[in-house]
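>>> sequence-free structure coming up:
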């Protein structure tokens, strides 16, 4: 389509105006531009995401045409793009007095308030803008939703987007945007409904299938998630996000053999991904191919030596291979890199215990429990060490103090109940065993070996029978 404002095709006139402005800058000269030329130049730079040149053009335009509302409005928009909301508001307040019926002023004012965090004030401006021009409600709504999306106010996008869909139901991109807004606000049911509606009309949108997969994954509907990722990949085999997420789901479902080729496919596209290498190594470890597991753990370390997970993986392999000295080397490195990971502390404790370094093992177990008091495997191992090594007398006062601090954590209650049983304190044992069973009765099976049958009195046996654990 052509525009006769200059007697030339509009695109040609844009090029001409921009070249003139660029020549002025290059030659360090001052040229005169009329209002329409400046509008063209500023809009061109805004659409090109060149906020610096847009600001330079808008500043010069405001100097040459200080009374032009359209120029001042564009300057305000450029200031908003640069995050300078207070300066933009000062301009917009002046323009509001000059042209109170201009909806663009109120949309820009709402944008400024949104940037400043006043979302209620922004909403008032947007709602008022919609009352000013009955001929362009769709354009106004599109501007409002674009602003709210850019500012991540997804909760507030939704009602405006629904209004926009009513006005333009054939524009399916609005349905996608509404689905995304629902997704960001964690209204997953409505998000799924909108994505499926969008896909009825745009079935070859790999991004919509991918987003749908993310939601199904969050809802733990893993088979549906895998199916939607497969649809996304059938449309776009280079969608690396879908490949990676598919591999992760397979791994989390313990389908390690299925995950391996998917991780390998991902690494063909993203060869520097040390996370994918680590996850791939873990899959090889779980399927018993320890040589390939070690190979990929070492490759991950070469790429990211400060990433704790591959060091941890190598430590596990060494420990399970009966090499506690090697395991300690790897696990100590891992814990230095990530000392807030209770699992690393736990496995480091197990490595120390494998070398019969019981004090060091217990110290590591305590660090793990500081980070996660509900780490049941740690409580189990602590209990066994204490009982089997005859440390009950020393440990009981520590556990009693820990109980006062930690409270009714199942693991500590199971241990206290066992220790009290060994000392013959049956009432205390019953109390803590009852608390533990009420919290997590299935966990008793992890502790049953520290409850020898000959120590159980009738009352405690009856309690275990009531929980079908006798």
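Yes, it's here. Bear in mind the structure is a predicted one, so any value in this text is a computation, not a measurement. Numbers count the residues shown, from 1 in each chain.

>>> Now do the contacts for the residue nearest to residue 314 when sequence neighbours are not counted.
Residue nearest to residue 314 in three dimensions, not counting chain neighbours: residue 330, with 4.3 Å by Cβ to Cβ, 6 or more residues apart in numbering. Heads up, the C-betas are built off the backbone N, CA and C, glycines and all. Residues in contact with residue 330 (Cβ atoms under 8 Å, 6 or more residues apart in numbering) are 311, 312, 314, 315, 318.

>>> Just among those residues, which is most surrounded?
Of all those, residue 315 has the most neighbours under the rule other Cβ atoms under 10 Å, reaching 28 neighbours.

>>> Model confidence score at that residue, please.
For residue 315, the model assigns a pLDDT of 98.

>>> repeat for residue 179
With respect to pLDDT, residue 179 scores 97.

>>> Likewise for residue 132?
88.

>>> can you pull the contacts of it?
101, 102, 103, 106.

>>> cool, and residue 396?
Neighbour list for residue 396: 419, 423 [criterion: Cβ under 8 Å, 6+ apart].

>>> quick one: average confidence on the host helix or strand of it?
Per DSSP states H and E, residue 396 falls inside helix 392-406. Helix 392-406 carries an average pLDDT of 84.

>>> And for stretch 59-76?
90.

>>> In this structure residue 432 contacts residue 420, no?
Yes: Residue 432 is within contact range of residue 420, at 6.7 Å (criterion: Cβ atoms under 8 Å).

>>> how close does residue 395 sit to residue 418?
Distance, residue 395 to residue 418, using Cβ to Cβ, to the nearest Å: 11 Å.

>>> Actually, residue 218.
According to Cβ to Cβ, residue 218 and residue 418 sit 39 Å apart.

>>> So those two - more neighbours on which side?
Between residue 218 and residue 418, residue 418 has the larger neighbour count (other Cβ under 10 Å), namely 24 against 12.

>>> what's downstream of the helix or strand containing that one, the next helix or strand?
Using DSSP H and E, residue 418 sits within helix 410-423. From helix 410-423 onward toward the C-terminus, using DSSP H and E, the following helix or strand is helix 426-440.

>>> List the buried residues for the longest helix belonging to the chain?
If you go by DSSP state H, the chain has its longest helix at helix 10-27. For helix 10-27, burial by neighbour count (16 or more other Cβ atoms under 10 Å) applies to 13, 14, 17, 18, 21.

>>> Same check on stretch 114-132?
In stretch 114-132, counting by 16+ other Cβ under 10 Å, buried: 114, 115, 119, 122, 123, 125, 126, 129, 130, 132.

>>> need those in CSV with secondary structure and distance to residue 402, can you?
Formatted as CSV, the buried residues of stretch 114-132 follow (DSSP: H, G, I helix; E, B strand; the rest coil; distance: Cβ to Cβ, whole Å):
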residue, secondary structure, distance to residue 402
114, helix, 49
115, helix, 49
119, helix, 46
122, helix, 51
123, helix, 51
125, helix, 56
126, helix, 55
129, helix, 61
130, helix, 61
132, coil, 66
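
>>> Could you work out the most separated pair of those residues?
115 and 132 (21.7 Å; Cβ to Cβ).

>>> before we move on, back to that, least confident of the buried residues of stretch 114-132?
Lowest pLDDT among these: residue 132, 88.

>>> State the distance from it to residue 101.
The separation that residue 132 has from residue 101, given Cβ to Cβ, amounts to 6 Å.

>>> Could I get the buried residues of stretch 114-132 in a markdown table, plus columns for distance to residue 193?
Shown next, in a markdown table, are the buried residues of stretch 114-132 (distance: Cβ to Cβ, whole Å):
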| residue | distance to residue 193 |
| --- | --- |
| 114 | 28 |
| 115 | 32 |
| 119 | 26 |
| 122 | 28 |
| 123 | 25 |
| 125 | 31 |
| 126 | 25 |
| 129 | 29 |
| 130 | 26 |
| 132 | 33 |
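
>>> number of nearby residues for residue 244?
22.

>>> Can you show me the strands along the stretch 201-350 of the chain?
With DSSP state E, counting those that start in this stretch as the definition, the stretch 201-350 of the chain shows no strands.

>>> Helices of that one, residue ranges please.
Using DSSP state H, counting those that start in this stretch, the helices assigned to the stretch 201-350 of the chain run over residues 206-218, 222-235, 240-252, 256-269, 274-286, 290-303, 308-320, 324-337, 342-354.

>>> any idea of the angle the first one forms with helix 240-252?
Interaxial angle, helix 206-218 versus helix 240-252 (axes from the mean of the first three to the mean of the last three Cα atoms, to 10 degrees): 20 degrees.

>>> Since that was my last question, I'll sign off now.
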